[in-house]
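>>> missing the sequence, but the structure's below:
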């Protein structure tokens, strides 16, 4: 009996000795699992003969893009529309009736043209577009307000630039609806080489739905003023209807889809995708009404930002902004950036108001041939607070 007890004690000591040696060695996967569940999962996923690879060193993060603003020109008289020529010159309109040019960073002292316009409240010389064949034919297009008796009317004309002057006015569309407010006024050539024209409701909201007036519509014409045969309403320049005060036009550089910015009634400002023959609802609906008779905007704003000129940035010098939609804000007094969702780029992924500084009311934005964004202030339009150097054209650089 004593011998059996002695053997049992010896066996117990031997077992304890073995356990102590194991504890002094390398921990097993089960031990690692107690300290780190992640390590346990890793260990179970590897064959017994393998060991985990070291984690890769994280690459340094790209520094966020910091825009800087430079003054291009100052002490201007309400610059309304900006357009670059193929040779790098920047053409712009002043609402009082002058077409002017910036050559190699210098504003030419003499206007390219001075038109007899009626500049009152929101009316005057507004839109400007250069012909797709401008280098060859020198054609530039303008939209302006004039007085016919006791009425205001709008007109779209073509001028020819030669030797620093734009002359030979050729009227393309005349006797267009006009008012003290809501004149639209944007001119842009699309990728189809047709001229697109925005007209507001001129202060009478019912006009936007009426087919017997061009007010509250986006128009599309040939460069010679004729009606394209593929317009949605045969024999009519109307491309879309139901607009309150459309101010910006821009085509997506990949899809060719037309985007538009539009003023709402003290809120419900819109960014729309424009399709031929569609009705955008004003004044029957605003913002996203979900009414199948009308097209809802892809983005709307409350409170108002008064969106104006728009462009897609196609360069590569301004951070990750390539392919983004930009538009100027009058009431919001900021430049806005919209990122669209791939692959069809018809929905908004994100939106931001750029913190560029205090520049006041912004009317138009375009991309320059240098890969920078240019924008114009409108602080002398009767609704801003002009400073001693207003109005200005500025540009965004890295």
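Received the coordinates, thanks. Since this is a predicted model, take the numbers as computed values, not measurements. Numbering: from 1, shown residues only.
>>> quick one: the strands in the stretch 51-200 of the chain?
Using DSSP state E, counting those that start in this stretch, the strands of the stretch 51-200 of the chain run over 68-73, 79-84, 90-94, 98-103, 106-107, 113-114, 125-130, 139-148, 151-162, 165-177, 187-189, 195-199.
>>> could you dump these to JSON lines with mean pLDDT, distance to residue 242 and mean neighbour count?
Yep, even glycine has a C-beta here, placed from its N, CA and C like the rest. Compiled in JSON lines, the strands of the stretch 51-200 of the chain are given as follows (pLDDT from 0 to 100; distance: least, Cβ to Cβ, whole Å; neighbours: other Cβ atoms under 10 Å):
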{"stretch": "strand 68-73", "mean pLDDT": "96", "distance to residue 242": "36", "mean neighbour count": "15"}
{"stretch": "strand 79-84", "mean pLDDT": "98", "distance to residue 242": "24", "mean neighbour count": "24"}
{"stretch": "strand 90-94", "mean pLDDT": "98", "distance to residue 242": "27", "mean neighbour count": "25"}
{"stretch": "strand 98-103", "mean pLDDT": "98", "distance to residue 242": "31", "mean neighbour count": "19"}
{"stretch": "strand 106-107", "mean pLDDT": "96", "distance to residue 242": "39", "mean neighbour count": "13"}
{"stretch": "strand 113-114", "mean pLDDT": "98", "distance to residue 242": "34", "mean neighbour count": "17"}
{"stretch": "strand 125-130", "mean pLDDT": "98", "distance to residue 242": "20", "mean neighbour count": "25"}
{"stretch": "strand 139-148", "mean pLDDT": "98", "distance to residue 242": "20", "mean neighbour count": "22"}
{"stretch": "strand 151-162", "mean pLDDT": "97", "distance to residue 242": "19", "mean neighbour count": "19"}
{"stretch": "strand 165-177", "mean pLDDT": "98", "distance to residue 242": "15", "mean neighbour count": "16"}
{"stretch": "strand 187-189", "mean pLDDT": "98", "distance to residue 242": "19", "mean neighbour count": "22"}
{"stretch": "strand 195-199", "mean pLDDT": "98", "distance to residue 242": "12", "mean neighbour count": "28"}
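>>> For those, please prepare JSON lines with the additional fields distance to residue 295.
Formatted as JSON lines, those follow (distance: least, Cβ to Cβ, whole Å):
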{"stretch": "strand 68-73", "distance to residue 295": "35"}
{"stretch": "strand 79-84", "distance to residue 295": "26"}
{"stretch": "strand 90-94", "distance to residue 295": "30"}
{"stretch": "strand 98-103", "distance to residue 295": "34"}
{"stretch": "strand 106-107", "distance to residue 295": "41"}
{"stretch": "strand 113-114", "distance to residue 295": "37"}
{"stretch": "strand 125-130", "distance to residue 295": "23"}
{"stretch": "strand 139-148", "distance to residue 295": "24"}
{"stretch": "strand 151-162", "distance to residue 295": "25"}
{"stretch": "strand 165-177", "distance to residue 295": "22"}
{"stretch": "strand 187-189", "distance to residue 295": "19"}
{"stretch": "strand 195-199", "distance to residue 295": "16"}
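>>> I'd like to know which of those strands is closest to residue 376.
Closest to residue 376 of the strands of the stretch 51-200 of the chain, according to Cβ to Cβ: strand 79-84, at 4.2 Å.
>>> quick one: low-confidence ranges for this structure?
Residue ranges of the chain with pLDDT under 70: 1-64.
>>> Residue 293 - nearest residue in space that isn't next to it in sequence?
The shortest distance from residue 293 to any non-neighbouring residue, by Cβ to Cβ, 6 or more residues apart in numbering, is to residue 279 (6.7 Å).
>>> I'd guessed the one you found sits against residue 243; true?
No. Contact between residue 279 and residue 243 fails when scored by Cβ atoms under 8 Å: they sit 9.5 Å apart.
>>> And those two? Which one has more around it.
Looking at residue 279 and residue 243 with other Cβ atoms under 10 Å, you find the greater number of neighbours at residue 243, namely 29 against 17.
>>> Okay, and that one sits in which element?
Assessed by DSSP states H and E, residue 243 sits outside every helix and strand.
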